[in-house]
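J.: Would you be able to build a 3D model of this:
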Amino acid sequence: MIYVDADACPVKAEIEAVATRHDLGVAMVSNGGLRPSSNPLVAMIYVDQGADEADMWIADRCTSGDVVVTGDIPLAARAVSAGARVVKPNGEVLTQTNVGAALASRDLMADLRAADPFRQGGGKPFGKADRARFRDALERVVRQAKG
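T.: Numbering: from 1, shown residues only. Below you'll find the predicted structure:
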């Protein structure tokens, strides 16, 4: 099963394509507002409104052999500890060996942002190369999970 933290996920089409190729179920978990998929492998799961409702739903269900797609590092840490494989939308794979560092980096960046309320800017735009990198990483992780 592929669990997707779907509210702000930019790679839903890529997930659906890989899942279809491998005949894997997908749970697109969100607070609502997503267009349903016509793909019979994709289940749309709508949880209550709230910052971490989708994350908690996924964390409570994912197990060894599952794949979780999320950019949320605390959810990724919970999924990894449950034995799931985690891929961020940018194609980065989080594992037991690197999820702790990702969590520490996230906390440091939150502290830096809080210390400078006038800080402007955001990330770079999400492009074709990012989508390709994600698709390749998801394909690799799905094969490992099935293997």
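J.: Moving C-terminal from the one helix or strand in the chain whose mean pLDDT sits lowest, which element do we reach first?
T.: For the chain, using mean pLDDT, DSSP states H and E, the weakest element among its helices and strands is helix 99-115, scoring a mean of 58. Following helix 99-115 in sequence order, the next helix or strand is helix 128-146 (DSSP states H and E).
J.: So which elements touch that following helix?
T.: With contacts defined as 3 or more C-beta pairs under 8 Å, 6 or more residues apart in numbering; DSSP states H and E, the packing partners of helix 128-146 are helix 12-22, strand 67-69, strand 85-87, strand 93-94. For every residue, glycine as well, the C-beta is placed using N, CA and C.
J.: List the pairing partners of the shortest one within its sheet, with orientation.
T.: Using DSSP bridges, the strands paired with strand 93-94 are strand 85-87 (antiparallel).
J.: What sits closest to the one residue sitting closest to the centre of the chain if chain neighbours are left out?
T.: Note on the chain: the residue nearest the mean C-alpha position is residue 70, at 1.6 Å, using C-alpha atoms, centre = their mean. Leaving aside its chain neighbours, residue 70 sits nearest to residue 5 (3.8 Å; criterion: C-beta to C-beta, 6 or more residues apart in numbering).
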